[in-house]
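1. After the sequence you'll find the predicted model.
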Amino acid sequence: MTILRPRLLTLGLAALLGTSAAFAADTPAKPLAQPPISELTQRSGGVMPAEQRRVNFDHAELHFTPDIAKQTLDATARLTFTAREATDALVLDLDHNLAISDISLDGKPLAASTWSNPDGRLRIQLPAPLAKGSKAVVEIHYGGKPHVAQRAPWDGGFVWAKTEDGQPWIATAVEGEGCDLFWPCIDHPQGKPDLVDTYITVPKTLAAPGNGVLVDIKDEGENHTYHWRAKHPTTYAISLNIGPFDVLKGDYHSRYGNTIPMQMWYLRGHEAQAKQLFGEFPRMLDFFEEQIGPYPFGDEKMGVVETPHLGMEHQTINAYGNGYPRSEYGFDWLLQHEFSHEWFGNQVTNTDWDDMWIHEGFGTYMQPLYGQYLYGDMPYFSMLQNERSMVKDAYPIVAGRSQFEHEVYDADHGPANDIYYKGSLMLHTLRQMIGDKAFFETVRRLVYGRPDPKPGNFAPHYATTKDYIDIVHQVTGKDLGWFFDVYLYQAALPKLDMKHEGNVLNLRWEVPQNKPFPMPIEVQVGETLHTVPMTNGEGHLDAPAGALVIIDPRSKVLRDLPHMAEFQQWKKEQAAKKAKAAK
Ligand SMILES: [Zn+2]
């Protein structure tokens, strides 16, 4: 997701005030009156119901006709499934506030008594069991008022905004709650359909950029219908975007020999800024293709659309609402972050929300890495230092059990922003430890499921945390379980205890539950740089009393630093004072 800085600031503020009232400043003065969504619809992921595991989601054909004045949706979903094992029911997720008028199976209407959607879990009883390997096409006609986002993209749903000159400007952002906010889906990271066709019918004054390839635009009198087709889209990365857009188009000639279409859909009037941002696309593609591997959707497009919310990694149509800023780093961090999710999120997708750091830890590490690629070490370390100042280490990044999205993102019960910042800093540490060649080899294997990706020889796939740990073992030939055990599965960071006794420096890692942590550490004594192996978590070094001693002078190892906690505490107090004064 596009959590990053704005989310962090908000979460940080809420946490420091210890009350949800802190969110009040960010939510509309009058929260919109709308029927509440059910608990089932609110959440995303968790343990997938057995009926959903029994089917492969082959195809979703989604027809959307919004009534912009009424802020309603009329929709038809034609969904094709193949039974992985015999099943007598199809179970889907759909916000029960969207009324279903009728459902048909393989073209035949189903009696209303055979399906129900009391709480957001739509259960369709099949007239006859579907045998293993057989296909079923279910068509669902539904509509109503889709849930309106209170604070997109963090509290998701539909955004019915207006441009400065009063024209409709509509977007969706549903990562937190899931695809079931506007179409009948399997609201789980592993619920990706193999193929999705979206048809969006809008007035001719508006455009509807979408996921994948534009198949055609059909004339319908005063309206026109945009038909888009996308392969293996991530469930929450399917989006609607409607507005008075113009489009910039170009071709990127990849080092892999293919040509990648680039599109930037921007609001009319923003041409100059959009051109500036569009100008950054080729360099970003260069970076990712050089450092990670082929752009995963080169036969579709690199796409960006201007949105009324900050951003989201919508597959091949990244949501961009960062306002075209200039930055001391020379690139737009938000676009670079969302774009990184085409590799980390859309090409390699977490198997469970518990593995979300695979999207966000890697996705966040890509900004310092891009800074280093563009301008060297100064931006790289500057961004890492900023990330370091925000690590909370209150909960482990990975819980080791199936999670709902909100459990991961709730700072009071889960890792929240640590999946971003601590994840990124852990990857920096890993890279220093195993070297660039091995590090990028592990990343490539994680992303593509193979060491030699070329356009056409890979497809989006799922991966777990354990998959990545196994890859690191394979590539390095070393068992680095101790590394991941501490950084991913423990809340507290390792702490380096240092005692300068006489002419000896005694070093010892303090790790939760005294776990093994043989992390080598560099120490500069006077003008000499030493590497202390720290076998068994301990090490000693000759260092004359009074000599200059710098621990980890090249900032290689993520570790507990008391001044960071003090800084965070101080910031908390300052913000509390400010909030009190503002009352
Ligand atoms: Zn993200």
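-> In hand now; what should we look at?

2. what's near enough to touch the closest residue to residue 195 other than its chain neighbours?
-> Nearest in space to residue 195, with sequence neighbours left out and distances taken as Cβ to Cβ, 6 or more residues apart in numbering, is residue 59 at 4.9 Å. Using the backbone N, CA and C atoms, a C-beta is placed for each residue, glycine as well. Residue 59 sits next to 78-80, 193-197 when contact means Cβ atoms under 8 Å, 6 or more residues apart in numbering.

3. redo that, cut-off 7 Å
-> Residues in contact with residue 59, defined by Cβ atoms under 7 Å, 6 or more residues apart in numbering, are 80, 193-195.

4. Quick check: the gap between it and residue 408.
-> Distance, residue 59 to residue 408, by Cβ to Cβ, to the nearest Å: 29 Å.

5. how near is the residue of the stretch 151-300 of the chain found nearest the ion to residue 338?
-> Among all residues of the stretch 151-300 of the chain, residue 175 sits closest to the ion, at 8.8 Å; criterion: Cβ to the ion. Distance of residue 175 to residue 338, given as Cβ to Cβ: 11 Å.

6. I'd like to know how many residues surround whichever residue of the stretch 251-400 of the chain sits closest to the ion.
-> Minimum separation of the stretch 251-400 of the chain from the ion (Cβ to the ion) falls at residue 363, amounting to 4.5 Å. When neighbours are counted by other Cβ atoms under 10 Å, residue 363 registers 30.

7. ditto for the one 10 residues further on
-> Around residue 373 sit 19 other residues, with neighbours defined as other Cβ under 10 Å.

8. which SS state does it fall under?
-> Of the three states, residue 373 takes helix according to DSSP: H, G, I helix; E, B strand; the rest coil.

9. quick one: contacts for it?
-> If you count contacts by Cβ under 7 Å, 6+ apart, then residue 373 has 287, 291 around it.

10. Which helix or strand contains the residue nearest to residue 195?
-> strand 55-67 (DSSP states H and E).

11. mind listing what the residue of the stretch 251-400 of the chain closest to the ion touches?
-> Neighbouring residues of residue 363 by Cβ under 7 Å, 6+ apart: 337, 340-341, 344-345.

12. Quick check: beta-bridge partners of residue 60?
-> Under DSSP bridges, the beta-bridge partners of residue 60 are residue 79, residue 196.

13. Would you check that it makes contact with residue 192?
-> No: applying Cβ atoms under 7 Å as the test, residue 60 and residue 192 come out as separate, 9.7 Å apart.

14. what touches both of the two?
-> Counting by Cβ under 7 Å, 6+ apart, residue 60 and residue 192 have no common neighbour.

15. how much space between residue 449 and residue 462?
-> In terms of Cβ to Cβ, residue 449 sits 9 Å off from residue 462.

16. Could you report the neighbour count for residue 568?
-> Other residues near residue 568 come to 17 when the count uses other Cβ under 10 Å.

17. just to confirm, which helix or strand has it in it?
-> In the assignment (DSSP H and E), residue 568 maps to helix 562-582.

18. Which elements pack onto that helix?
-> helix 4-17 (3 or more Cβ pairs under 7 Å, 6 or more residues apart in numbering; DSSP states H and E).

19. just how off-centre is the strand holding residue 59 within its chain?
-> Relative to the centre of its chain, strand 55-67 is centred 22 Å away, using Cα atoms, centre = their mean, to the nearest Å.

20. Ok, stretch 158-165 next?
-> Centre to centre, stretch against its chain (Cα atoms, centre = their mean), the figure for stretch 158-165 is 24 Å.

21. Looking at that stretch now, give me its mean pLDDT.
-> Averaged across stretch 158-165, pLDDT comes to 96.

22. which ones are touching the nearest residue to residue 345 once chain neighbours are set aside?
-> Leaving aside its sequence neighbours, residue 345 sits nearest to residue 359 (Cβ to Cβ, 6+ apart; 4.0 Å). Neighbour list for residue 359: 341, 344-345, 350 [criterion: Cβ under 7 Å, 6+ apart].

23. What residues sit buried inside the host helix or strand of residue 359?
-> Per DSSP H and E: residue 359 is located in helix 357-375. Neighbour-count burial for helix 357-375 flags 357-373 (criterion: 16 or more other Cβ atoms under 10 Å).

24. what about the closest residue to residue 444 other than its chain neighbours, how many neighbours?
-> Spatial nearest neighbour of residue 444, chain neighbours left out: residue 293 (5.2 Å); criterion: Cβ to Cβ, 6+ apart. By the measure other Cβ under 10 Å, the count of residues near residue 293 is 24.

25. likewise the one 10 residues further on?
-> Using other Cβ under 10 Å, residue 303 has 27 neighbouring residues.

26. How about the secondary structure of it?
-> Per three-state DSSP, residue 303 ends up strand.

27. Just the pLDDT for residue 33.
-> With respect to pLDDT, residue 33 scores 85.

28. Now do the contacts for it.
-> Not one residue lies near residue 33 by Cβ under 7 Å, 6+ apart.

29. Flag every buried residue along stretch 549-556.
-> Buried residues in stretch 549-556, counted by 16+ other Cβ under 10 Å: 549, 555-556.

30. low pLDDT regions in the chain?
-> Across the chain, residues meeting the criterion (pLDDT under 70) sit at 1-31.

31. Where is the longest helix in it?
-> The longest helix of the chain (DSSP state H) is helix 421-448.

32. From the contact counts, what lies against it?
-> helix 357-375, helix 377-388, helix 465-476.

33. nearest spatial neighbour of the residue of the chain most remote from its centre, skipping sequence neighbours?
-> Note on the chain: the largest separation between a C-alpha and the mean C-alpha position, by Cα atoms, centre = their mean, falls on residue 502 (50.6 Å). Sequence neighbours aside, residue 545 is the residue nearest to residue 502 in space, at 6.5 Å (criterion: Cβ to Cβ, 6+ apart).

34. Count the neighbours of the one you found for me.
-> 9.

35. do the same with residue 244
-> Neighbourhood size, residue 244 [other Cβ under 10 Å]: 16.

36. Would you agree it is in contact with residue 162?
-> No: using Cβ under 7 Å, residue 244 is not in contact with residue 162, being 10.3 Å away.

37. how about the residues of the stretch 351-500 of the chain that lie near the ion?
-> 360, 363 (Cβ under 5 Å from the ion).

38. Run through the helices of the stretch 1-150 of the chain in chain order.
-> Secondary structure of the stretch 1-150 of the chain by DSSP state H, counting those that start in this stretch: the helices cover 4-17, 39-42, 50-53.

39. then the last one to PDB, C-alphas only?
-> Coordinates of the C-alpha atoms in helix 50-53 are reproduced here as PDB (Å, rounded to 0.1, in the frame of the first residue of the first chain):
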ATOM      1  CA  ALA A  50     -12.400 -24.400   2.300                       C
ATOM      2  CA  GLU A  51     -15.000 -23.700  -0.500                       C
ATOM      3  CA  GLN A  52     -12.800 -20.900  -1.900                       C
ATOM      4  CA  ARG A  53      -9.700 -23.100  -1.800                       C
END
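
40. Spit out the contact partners of residue 246.
-> Going by Cβ under 7 Å, 6+ apart, residue 246 touches 266, 268, 271.

41. Spell out the secondary structure type for it.
-> Under three-state DSSP, residue 246 comes out as strand.

42. hmm, back to that, most neighbours of all the contacts of residue 59, which one?
-> When neighbours are counted by other Cβ under 10 Å, residue 193 leads the contacts of residue 59 with 25 neighbours.

43. Make sure that residue is actually in contact with residue 60.
-> Yes: using Cβ under 7 Å, residue 193 is in contact with residue 60, at 4.4 Å.

44. Could you tell me how many residues sit around the spatially closest residue to residue 361 that is not a sequence neighbour?
-> Leaving out its chain neighbours, the residue that sits closest to residue 361 by Cβ to Cβ, 6+ apart is residue 423, at 2.1 Å. Neighbours of residue 423 under the rule other Cβ under 10 Å: 27.

45. do the same with residue 570
-> By other Cβ under 10 Å, neighbour count at residue 570 equals 10.

46. same question, residue 510
-> Residue 510: 15 neighbours (other Cβ under 10 Å).
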